[in-house]
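Asks: Sequence and predicted structure below; questions after.
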Amino acid sequence: MKSNSFTFKLDAGQQQALIRLLKQPRYRPETVPHTQIAASLPDCRINLYKSGKLLVQGKAAEEWVTFTLETEILKEVVIGYEELLDPEAFQPHMGIDESGKGDFFGPLVIASAYVDEGLVEKLRELGVRDSKKISSDNVALNMARDIRKILGDRCAMVTIGNPSYNRMYAKIRNVNKILAWGHARAIENLLEKVPDCPRALSDKFGPTHQIERALMEKGKKIRLDQRTKAESDPAVAAASILARAGFLYALKKMGKEHGFEVPKGASTKVRREAEKLVAYKGPGILLKTAKCHFQTTDKVLAEVGYTRKDLPSPF
C-alpha cells in the first residue's frame, strides 16, 4: 500500500535548504496559512510550517520524498519509519532491540521501550529512527537522553558484560540463544514497570520460540511478535537508540578502566588495539573486554604469539 501523506520535523539547516529548493521554477508557489513556504508539483503538495514541520501530500508524495527530499535535504533514507502504515504501531506495545552484537569489544546491550499513541507522536517529533541510520555517536547519545525524558520509567535495559557473555557462549555456543535470553529479560524488566503492556515486538533474529522459552511467568502472558525491519516501528527504534547509547557508555567506561580508546566493530583497527592490549596485559584480558568466540580472537592471539589454549577458562 502506497502512502499519500508524510510528515517530517526539519532542523534549521534543512528548512533553509528546502526553502531554496522550493523557489526553483519547477515548483508552483501556493498560499497556505502558518507556513514559511508552500509549493506544489503535479499530484504533490509541499507545506513547510513555521514550526519546522513539513507536510507532503498527494499521489506523487512518496516519489518526491524518496527521490528529492531524502537525497537533497535529509541526506538519509527515512521512509518506512516516518509514515507508519501499521496501525498497531500506535497502539500500546513495547519494542526490543540490541547493540554490540557485531562488535568485538564491549558488551551486548538489549533495551526495551514502551509506547502508546501519545508517546509515538512525541518520538516522531523528536525524529527517532533506527540507530543504525544515525552516523554520529553524539547524536545517538543526545537522542537517547531525550527519549528517556519522554518515556520516563517506561524503558529498561539489560547489559551482558564480556565476562558473562563469554561464560554464556562457552555454555550454549549460540549467539541467537544469548540474544533470546537478553530479549526475554528486557521484556520481563519492562513488564515490572508497565504490567499491562499487551504486546512486544522485536527484529527477527531467530525462531520466536527461543524468546518464548526464555520468558518467565510475567512474560508468558504477553503477545510476542518478531519481524524483519522491525526498526521501522517507533518502539523498536527507541529501544535501538537506547541500546546503542548503553553500548557506547560501556565502551567509554571500559576504555577508562583499561587505559585505551575502545574502537567499535571488528575491523583491522580493532585487531591492532586488541593486539596491543594482549601484549601488555596478557590473553586473559580478552575475556574481560571482548567477545571471544569471534574469529578476531584467534588472529589477535596468533599475532602476539598465543593460541586459544592460552585463554583462561571463562568459568
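Replies: Received it, and whenever you're ready, just let me know what you need.
Asks: Any regions of the stretch 101-250 of the chain where pLDDT drops low?
Replies: Across the stretch 101-250 of the chain, the ranges flagged by pLDDT under 70 are 130.
Asks: For it, which segments count as strands?
Replies: 108-115, 155-160, 199-203, 223-227 (DSSP state E, counting those that start in this stretch).
Asks: Buried residues, the longest one. List them.
Replies: I take that to be strand 108-115. 108-115 (16 or more other Cβ atoms under 10 Å). Just so you know, the C-beta spots here come from the backbone N, C-alpha and C atoms, and that holds for glycine as well.
Asks: got it, and the second one?
Replies: Under the neighbour-count criterion of 16+ other Cβ under 10 Å, strand 155-160 has 155-160 buried.
Asks: From those residues, pick the one nearest E257.
Replies: Closest to E257 out of those is T159 (14.7 Å), distances taken as Cβ to Cβ.
Asks: which residues does the closest one bridge with?
Replies: V109 (DSSP bridges).
Asks: Pretty sure it sits against P107.
Replies: Yes. With contacts counted by Cβ atoms under 8 Å, T159 reaches P107, the gap being 5.1 Å.
Asks: per-residue confidence averaged over stretch 301-314?
Replies: For stretch 301-314, mean pLDDT is 95.
Asks: and that stretch, how far out from the chain's middle?
Replies: Centroid separation for stretch 301-314 versus its chain: 33 Å, with Cα atoms, centre = their mean, to the nearest Å.
Asks: what about it, how long is it end to end?
Replies: 16 Å (Cα to Cα, to the nearest Å).
Asks: Tell me which residues of it come out buried.
Replies: Going by 16+ other Cβ under 10 Å, stretch 301-314 has these buried residues: 301, 304, 306, 311, 314.
Asks: Between which two of those is the distance greatest?
Replies: V304 and P314 (19.4 Å).
Asks: residues in contact with the spatially most central residue of the chain?
Replies: Central residue of the chain (Cα atoms, centre = their mean): S240, 2.5 Å from the mean position. Shown in contact with S240 (Cβ atoms under 8 Å, 6 or more residues apart in numbering): 95, 97, 99, 111, 130-132, 231.
Asks: so how far is K132 from L119?
Replies: Distance from L119 to K132, counting by Cβ to Cβ, to the nearest Å: 22 Å.
Asks: which one of those two has more residues nearby?
Replies: L119 (21 against 13; other Cβ atoms under 10 Å).
Asks: thinking again about what came up before, E275: which of the buried residues of stretch 301-314 is nearest?
Replies: V304 (5.4 Å).
Asks: ok, the closest one touching L277?
Replies: No. Counting by Cβ under 8 Å, V304 stays clear of L277, with 9.3 Å between them.
Asks: re earlier: between T159 and P107, what contacts are shared?
Replies: Joint contacts of T159 and P107 (Cβ under 8 Å, 6+ apart) are A250.
Asks: related to what we said a few turns ago, tabulate the contacts of S240 (JSON lines), appending distance to Y249.
Replies: What follows is these, written out as JSON lines (distance: Cβ to Cβ, whole Å):
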{"residue": "G95", "distance to Y249": "20"}
{"residue": "D97", "distance to Y249": "16"}
{"residue": "S99", "distance to Y249": "11"}
{"residue": "A111", "distance to Y249": "12"}
{"residue": "D130", "distance to Y249": "19"}
{"residue": "S131", "distance to Y249": "14"}
{"residue": "K132", "distance to Y249": "18"}
{"residue": "E231", "distance to Y249": "21"}
